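J.: Got a predicted model here, sequence first, then my questions.
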Amino acid sequence: MAKNNGRDLNITIKNQEDKNEVILTFSAIFKQLKRFFALWIVLAIIAGLAVFSLSALKTFSSSNPAQAIISFTYDGIEQGLDPKKGGKFDIETVKSPKVIEMALTEMGIDLEMLESVRSNIRFQYIIPQDAYDKFKVYNSVMDKASSGVLSAAQEMLDVKYYPTKYTVIFDYGSAGFDKNTGAELLNTLLDCYSDYFYQLYGFNKPLGAAVTAVDSDSYDYAQQVDLYKDSLRALRSYLNELDEEDNTAFRSSVTGYTFNDLSEYIKTVTSIDLDRISSYISVNNVTKNKNVAIAYYEYRIENMTRERDEYEERVKALDASIDKYIKDQITVYGETADVESTVHSEQYDAMFKQKTTVEALLAQTKQDIKFYESRRDALKSNKSSSNANIEKAEADLAALNKKVNDIVDLTEKTANDYFENVQFANAYTVLAPATKSVSAGISQALSVALKYIIVFEMLIFAFYLAVAFISAILSDNKKKVARADDGDDDDDDLDDVIEAVEEAAEKADEKNIKKSKKK
């Protein structure tokens, strides 16, 4: 066997009859790698360009679905709840017919395409890596749990993940659109859903009950006052709720008002403008029809009396429930004495809060009954008002109508600003819109082809190494055979020389013998 000096790679092949040795040097391998390096680079470039070209051809020639990524971020989405927390959030609302209709109308596309668009939109939820890793740990624990602790482990690891990010996929080719129109339609639809999202989950919904315009020909003057009173009361209650929820001292950049500012504004309009008009109408018996007005007051009094009785019964029932309710107790055992104390109870607090609300409604109803009774009695005992009183009442109501409309508009704008930019600033976001650019198509083709390019390049590189390795073996063995052949020729020449020398010696001996005999 040849001697290994640290630079040679010895490969020995043994047979029964003889032993053959193949010596492969690293220098020979490097020489062959250098020899085929240019060929490897050329083949690698050609293979990469070929795979990428095929991927690009497929991307631009076929109707690959348009994709966009959307995200939801609000309190409750992690539990799968909608913003109102009254039900489960449904991602399918993104492709609601109303949203698609808004998008088609904005783009000027025939609404007959609505169903085709809707049926070709689908969603894929995105699970973050940390949540995925957590699921893997849970599954591992469950697999290793013995039967005795399996139920406990299941209860401990009963975890569900509700996605907050989704990929929206629109197969525009099947829907009958080209690539550019399909991507634009998907982006328009997602923009329209932003408006639909706020409408769907009731933001500013209480404003729908507010009266923004009153037809004076349809209502008597006293009825108009009542409508304005109910509207302003609802608006103020709504603003007070928002003010309690807000912990940011929000002041709208659109209107310049806070919720408390608007609430105080409504209080001023109610106590000054509305009460002044109401008193003027009551004192002067301003009415379009005295008998109809009296009948209206009688109806209101009768209806509110029933409401009063209902509220009184509810207060009694709540009082009885609260008295009988036993709050949760804890006992602390001590060395000298045991101490018992009650703990927080959501059910008890809810009943107490409900009682407070009903008592407030009862007090308001009693005041309203007295107010309508005074109106009815005044109208019965006095004559109808003059035309001058009617004209003044109409002018005052027109001015009040304008103020109420302004308040409703300010409330709506302020609340929208709060919902969209503070409380639900990131409730719905389009993280990655669908794209129709050529560069995006190239990027998509490259991402699809990348894994295939890596595989082909690794195969070519392996082939390159194999060719260099085999070539080095063949090259080294050729040299060895040549050296072996040269060694055999030298031995033959030496033998010939020896034979010649022996023959010359024999001849010399023979000549010497002959000379000796002659002598």
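T.: Noted; the coordinates are in hand.
J.: Next SSE downstream of the host helix or strand of Val51?
T.: When secondary structure is defined using DSSP states H and E, the element that contains Val51 is helix 26-61. Using DSSP H and E, the helix or strand that directly follows helix 26-61 along the chain is strand 66-72.
J.: Report the buried residues of the very next helix or strand once past that following strand.
T.: Remark: after strand 66-72, the chain's next helix or strand is helix 97-107, criterion DSSP H and E. For helix 97-107, the neighbour count (16 or more other Cβ atoms under 10 Å) marks Val99, Ile100, Met102, Ala103, Leu104 as buried. Every residue, glycine included, has its C-beta placed from N, CA and C.
J.: ranges for the strands of the stretch 201-350 of the chain?
T.: Under the criterion DSSP state E, counting those that start in this stretch, the stretch 201-350 of the chain contains strands at 329-332, 339-342.
J.: Please tell me the pLDDT value assigned to Asp178.
T.: Confidence per residue is given as pLDDT, and for Asp178 that number is 84.
J.: swap in the one 5 residues further on?
T.: We have a pLDDT of 89 for Ala183.
J.: residues contacting it?
T.: Ala66, Tyr172, Ala434, Thr435, Lys436 (Cβ atoms under 8 Å, 6 or more residues apart in numbering).
J.: Quickly name whichever of the residues you listed is closest to Phe469.
T.: Nearest to Phe469 among these is Thr435, at 46.8 Å by Cβ to Cβ.
J.: can I assume Asn240 is in contact with Ser263?
T.: Yes. Asn240 lies in contact with Ser263 (Cβ atoms under 8 Å); the separation is 5.7 Å.
J.: which one of the two has more residues nearby?
T.: When Asn240 and Ser263 are compared on other Cβ atoms under 10 Å, the one with more neighbours turns out to be Ser263, at 20 against 15.
J.: how about the nearest residue to the more buried one, chain neighbours excluded?
T.: Distance criterion Cβ to Cβ, 6 or more residues apart in numbering; nearest residue to Ser263, sequence neighbours excluded, is Leu239 at 4.4 Å.
J.: The one you found - how many residues pack around it?
T.: 25.
J.: Would you check how far apart it and Ile473 are?
T.: The gap separating Leu239 from Ile473 is 89 Å, by Cβ to Cβ, to the nearest Å.
J.: Same question for Val94.
T.: Counting by Cβ to Cβ, the separation of Val94 from Ile473 is 64 Å.
J.: Same question for Lys179.
T.: 54 Å.
J.: now do Tyr296
T.: Distance from Tyr296 to Ile473, counting by Cβ to Cβ: 112 Å.
J.: With neighbour numbers in mind, choose between the two.
T.: Under the neighbour definition other Cβ under 10 Å, Tyr296 and Ile473 were set side by side, and Tyr296 has more, 21 against 18.
J.: mind checking pLDDT for the nearest residue to that one once chain neighbours are set aside?
T.: In space, not counting the residues next to it along the chain, Tyr296 is nearest to Gln223; the distance is 6.4 Å by Cβ to Cβ, 6+ apart. Gln223 is assigned a pLDDT of 84 by the prediction.
J.: Ignoring the adjacent residues along the chain, who's closest to Tyr325?
T.: In this structure, Tyr325 finds its nearest non-sequential neighbour in Tyr348, 5.6 Å apart by Cβ to Cβ, 6+ apart.
J.: And Asn187, by the same measure?
T.: Setting aside the residues directly before and after it, Asn187 is nearest to Pro433 in space (Cβ to Cβ, 6+ apart), at 4.9 Å.
J.: Hmm, the one you found is touching Thr188, no?
T.: No. Taking Cβ under 8 Å as the definition, Pro433 is not a contact partner of Thr188, at 10.1 Å.
J.: where does the stretch 251-400 of the chain dip in pLDDT?
T.: Counting by pLDDT under 70, the stretch 251-400 of the chain shows low-confidence ranges at 326-346, 383-384.
J.: Go again with 50.
T.: When the per-residue scores of the stretch 251-400 of the chain are filtered using pLDDT under 50, the ranges that remain are 330, 332-333, 338-339, 341, 343.
J.: wait, Ala44 sits on Glu457?
T.: Yes. With the criterion set as Cβ under 8 Å, Ala44 and Glu457 qualify as a contacting pair; they are 5.6 Å apart.
J.: Could I get the phi/psi values of the closest residue to Lys165 other than its chain neighbours?
T.: Using Cβ to Cβ, 6+ apart and skipping the chain neighbours, the partner closest in space to Lys165 is Ile126 (4.1 Å). Dihedral angles of Ile126 (phi, psi; degrees, to the nearest 10) stand at phi -110, psi 120.
J.: How about the contacts made by Ile126?
T.: Under the criterion of Cβ under 8 Å, 6+ apart, the contact list for Ile126 reads Ile69, Pro163, Lys165, Tyr166, Thr167.
J.: which helices and strands sit right next to the helix or strand containing Lys370?
T.: Taking DSSP H and E as the criterion, the element that holds Lys370 is helix 346-381. The elements that helix 346-381 packs onto, with contact taken as 3 or more Cβ pairs under 8 Å, 6 or more residues apart in numbering; DSSP states H and E, are helix 275-283, helix 290-324.
J.: Try it again at 6 Å.
T.: Secondary-structure packing of helix 346-381 (3 or more Cβ pairs under 6 Å, 6 or more residues apart in numbering; DSSP states H and E): helix 290-324.
J.: Could I get the buried residue list for the helix it packs on?
T.: Buried-residue list, helix 290-324, by 16+ other Cβ under 10 Å: 290, 293-294, 296-297, 300-301, 304, 307-308, 311, 314-315, 318.
J.: how close does Leu474 sit to Tyr325?
T.: The value you get for Leu474 to Tyr325, if Cβ to Cβ is used, is 97 Å.
J.: Ala468 is in what secondary structure piece?
T.: Per DSSP H and E: Ala468 is located in helix 438-518.
J.: now that helix: mean pLDDT?
T.: Helix 438-518 comes out with an average pLDDT of 67.
J.: Kindly report the same for stretch 406-419.
T.: Confidence for stretch 406-419, expressed as mean pLDDT, is 88.
J.: would you put the C-alpha positions of it in CSV?
T.: Output of stretch 406-419 as CSV, limited to C-alpha atoms (Å, rounded to 0.1, in the frame of the first residue of the first chain):
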residue,chain,number,x,y,z
ASP,A,406,-76.3,70.8,14.3
ILE,A,407,-75.9,68.9,17.5
VAL,A,408,-76.7,65.6,15.8
ASP,A,409,-74.1,66.3,13.1
LEU,A,410,-71.5,67.3,15.7
THR,A,411,-72.2,64.2,17.7
GLU,A,412,-71.9,61.9,14.7
LYS,A,413,-68.6,63.5,13.5
THR,A,414,-67.1,63.4,17.0
ALA,A,415,-68.1,59.8,17.6
ASN,A,416,-66.8,58.7,14.2
ASP,A,417,-63.5,60.4,14.9
TYR,A,418,-63.3,58.7,18.2
PHE,A,419,-64.2,55.2,16.9
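J.: Can you list the buried residues in it?
T.: Residues Ile407, Val408, Leu410, Thr411, Glu412, Thr414, Ala415, Asn416, Asp417, Tyr418, Phe419 are the ones in stretch 406-419 that count as buried (16+ other Cβ under 10 Å).
J.: Also stretch 169-186?
T.: Applying 16+ other Cβ under 10 Å to stretch 169-186 flags 169-173, 175, 177, 179, 181-186 as buried.
J.: would you turn those into CSV with secondary structure?
T.: Listed next are those as CSV, based on DSSP: H, G, I helix; E, B strand; the rest coil:
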residue, secondary structure
Ile169, strand
Phe170, strand
Asp171, coil
Tyr172, helix
Gly173, helix
Ala175, helix
Phe177, coil
Lys179, helix
Thr181, helix
Gly182, helix
Ala183, helix
Glu184, helix
Leu185, helix
Leu186, helix
